[in-house]
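Colleague: predicted coordinates and the sequence they were generated for:
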Protein chains: 2
Amino acid sequence: MDAFEEPETTREEILAAAYRALCTHGYAELTVERIGEEFDKSVSLIYHHYDGKDDLLVACLEFMLESYRSETEAGPVSDPREAMERLCDRLVLTDAPPGGQRFVRALVGLRGQAPHNGAYRDYFTRSDRFFGDRIEAIIEAGIEDGSFRDVDPERAAAMINTVFSGAFVRYATTDDERWIPAVREELRAYNERTLYADPDGDGT
Amino acid sequence: MDAFEEPETTREEILAAAYRALCTHGYAELTVERIGEEFDKSVSLIYHHYDGKDDLLVACLEFMLESYRSETEAGPVSDPREAMERLCDRLVLTDAPPGGQRFVRALVGLRGQAPHNGAYRDYFTRSDRFFGDRIEAIIEAGIEDGSFRDVDPERAAAMINTVFSGAFVRYATTDDERWIPAVREELRAYNERTLYADPDGDGT
DNA sequence: CGCTTTTGATTGAACGTTTATTCAAAAAGA
DNA sequence: TCTTTTTGAATAAACGTTCAATCAAAAGCG
């Protein structure tokens, strides 16, 4: 995550340290001390800046989401079809970035806290909604400019978003990988068959 | 889970206690002591029967999967279309059983351990494969008897299985529920459009 | 059948480690 | 000097696990 490259305040240094420790150890083996190891200054300083471990980690998630948002926000979608394809490629792991596995694993570990922790659940509710809205916006733009069929954007977006979540979880919690190309191809086919307008057709 | 209703050995009593404690407290707040509270006999007896907490919980998962397997195995699929619909209804939470939310939350909490724990990862690899195979078998049966189109069973099964995983995770880690009917409808539409054969058609 | 030995189930108490968090005080900066 | 930042040590609780001891039943044996 390049958002952590040049921390400008101590608070940001701590976020970056938390991110690094998270990727190195995964959530379950993440201790405040290990975060401290990735951090120049002392462990107890963390408590001066954040209320505690969970508070810090939620802040870290939030920071990442915010970075992604500002990295990728480009106002109106100019080429919906390409936007959809890029998003699918990015989120169904066609081109896993280096160290991506570690990150996805950590993320899923964090998500595993959400069932019994309201703060995490709030975050993932928001982040799910964020990605859902992104997908929906692409579909709406596609319908508008005629490159997509006249589907229900909310419905299709919900489906695609669910596929994303599922792919992440399976990727992080499974030693199997045979399903990955299958899902990728099938999702592509789904887009072709139900989202993209027939080039020669009437949209039915 | 009715499989735990009549435990016949001490080992099974312990599994049942673990299941109850899991549903009551969720994974993250699950301690061996709390399992003991759901169990007639003493805490340390657990260690006589299982190697430790994780060993017990994996055994518990395995027991549940095995129960599901024997509950539902019905040899060859007689009505593929109905089988697919029942599976989707069951796994995309149309009819959430009472207490189902608690159980799904616990399950997702456990799944969150898999990224950094080989035993859990092994289990979820196997269980994913189990459900994948089930779905694939239904599709194959449908193609065979002409009620489904001639799709690639592995590809379609991978997609549907990923939707299931995603739905579980979103259900357990989110306070939003608007997406649920949307996914349900869209999955149904996916089945209609790409799996089921045209009643009047030639399968293209 | 009686007697002894062995085995497995069961218990309660205790141990030792890990971990998040706090706090008083030093250092730095304005 | 007053405020903010930073530190190292201390705290206190939680938790998984171990262990020595008890007990009942089964097995072996004469």
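Modeller: Received, thanks.

Colleague: every contact and neighbour count from this point should use C-alpha atoms.
Modeller: Will do.

Colleague: and chain A, what are its domains?
Modeller: Domain assignment for chain A by automatic domain parsing gives A:1-72, A:74-204.

Colleague: DNA strand D is nearest to which of these?
Modeller: Across the domains of chain A, DNA strand D has its closest neighbour in domain A:1-72 (3.1 Å, C-alpha to the nearest atom of the strand).

Colleague: quick one: low-confidence residue ranges for chain A.
Modeller: A:1, A:74, A:93-98, A:200-204 (pLDDT under 70).

Colleague: redo that, cut-off 50
Modeller: Where chain A drops to pLDDT under 50, the residues are A:202-204.

Colleague: return the most buried member of the domains of chain A.
Modeller: Stretch with highest mean neighbour count among the domains of chain A: domain A:74-204 (a mean of 19; mean count of other C-alpha atoms under 10 Å in any protein chain shown).

Colleague: just confirm yes or no for it near chain B.
Modeller: Yes: using C-alpha under 8 Å from any C-alpha of the partner chain, domain A:74-204 reaches chain B at A:105-106, A:108-116, A:121-122, A:124-125, A:154-156, A:158-159, A:162-167, A:169-170, A:172-176, A:179, A:182-183, A:185-187.

Colleague: in helices, which of those residues appear?
Modeller: The helices, defined by DSSP state H, take in A:105-106, A:108-111, A:121-122, A:124-125, A:154-156, A:158-159, A:162-167, A:169-170, A:172-173, A:179, A:182-183, A:185-187 from the residues of domain A:74-204 next to chain B.

Colleague: quick one: residues contacting the residue of chain A found nearest chain B.
Modeller: Of all residues in chain A, the one sitting closest to chain B is residue A:166 (3.5 Å; C-alpha to the nearest C-alpha). With contact set as C-alpha atoms under 8 Å, 6 or more residues apart in numbering or on different chains, residue A:166 has these partners: B:162, B:163, B:164, B:165, B:166, B:167, B:169.

Colleague: just residue A:163 next, same as before
Modeller: Counted by C-alpha under 8 Å, 6+ apart, residue A:163 has contacts B:159, B:162, B:163, B:166.

Colleague: Serialize those residues to TSV and add fields for distance to DNA strand C.
Modeller: Shown next, in TSV, are these (distance: C-alpha to the nearest atom of the strand, whole Å):
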residue	distance to DNA strand C
B:159	37
B:162	32
B:163	33
B:166	28
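
Colleague: need the helices for chain A, in chain order.
Modeller: If DSSP H is used as the criterion, the helices of chain A fall at A:10-25, A:32-37, A:45-49, A:53-72, A:80-91, A:100-111, A:118-144, A:153-173, A:179-190.

Colleague: give me the contacts around the fifth one.
Modeller: Read it as helix A:80-91. Taking C-alpha under 8 Å, 6+ apart as the rule, helix A:80-91 contacts A:77, A:95-96, A:135, A:138-139, A:141-142, A:147-148, A:164, A:168, A:184, A:188, A:196.

Colleague: from residue A:10, how far off is the closest residue to residue A:32 other than its chain neighbours?
Modeller: Once flanking residues are discounted, residue A:32 sits nearest to residue A:53: 6.7 Å by C-alpha to C-alpha, 6 or more residues apart in numbering or on different chains. Taken as C-alpha to C-alpha, to the nearest Å, the spacing of residue A:53 relative to residue A:10 amounts to 16 Å.

Colleague: check residue A:110 too.
Modeller: 23 Å.

Colleague: do the same with residue A:80
Modeller: Taken as C-alpha to C-alpha, the span from residue A:80 to residue A:10 is 40 Å.

Colleague: with residue A:184 instead?
Modeller: From residue A:184 to residue A:10 the distance is 41 Å (C-alpha to C-alpha).

Colleague: go on, residue A:123?
Modeller: 23 Å.

Colleague: quick revisit: for the contacts of helix A:80-91, which one is nearest residue B:29?
Modeller: residue A:168 (24.4 Å; C-alpha to C-alpha).

Colleague: quick one, what contacts the nearest residue to that closest one once chain neighbours are set aside?
Modeller: Nearest in space to residue A:168, with sequence neighbours left out and distances taken as C-alpha to C-alpha, 6+ apart, is residue A:104 at 6.8 Å. Neighbouring residues of residue A:104 by C-alpha under 8 Å, 6+ apart: A:168, A:171, A:172.

Colleague: and these, which is closest to DNA strand C?
Modeller: residue A:172 (21.2 Å).

Colleague: just checking, the closest one touches residue A:101?
Modeller: Yes: assessed by C-alpha atoms under 8 Å, residue A:172 is found in contact with residue A:101 at 7.1 Å.

Colleague: residue B:15 versus the residue nearest to residue A:32, what's the distance?
Modeller: 32 Å.

Colleague: can you check residue A:64 too?
Modeller: Counting by C-alpha to C-alpha - residue A:64 and residue B:15 are separated by 40 Å.

Colleague: for residue A:84, same thing?
Modeller: Taken as C-alpha to C-alpha, the span from residue A:84 to residue B:15 is 46 Å.

Colleague: before we move on, what about residue A:31?
Modeller: For residue A:31, the distance to residue B:15 - C-alpha to C-alpha - is 30 Å.

Colleague: likewise for residue A:134?
Modeller: 43 Å.
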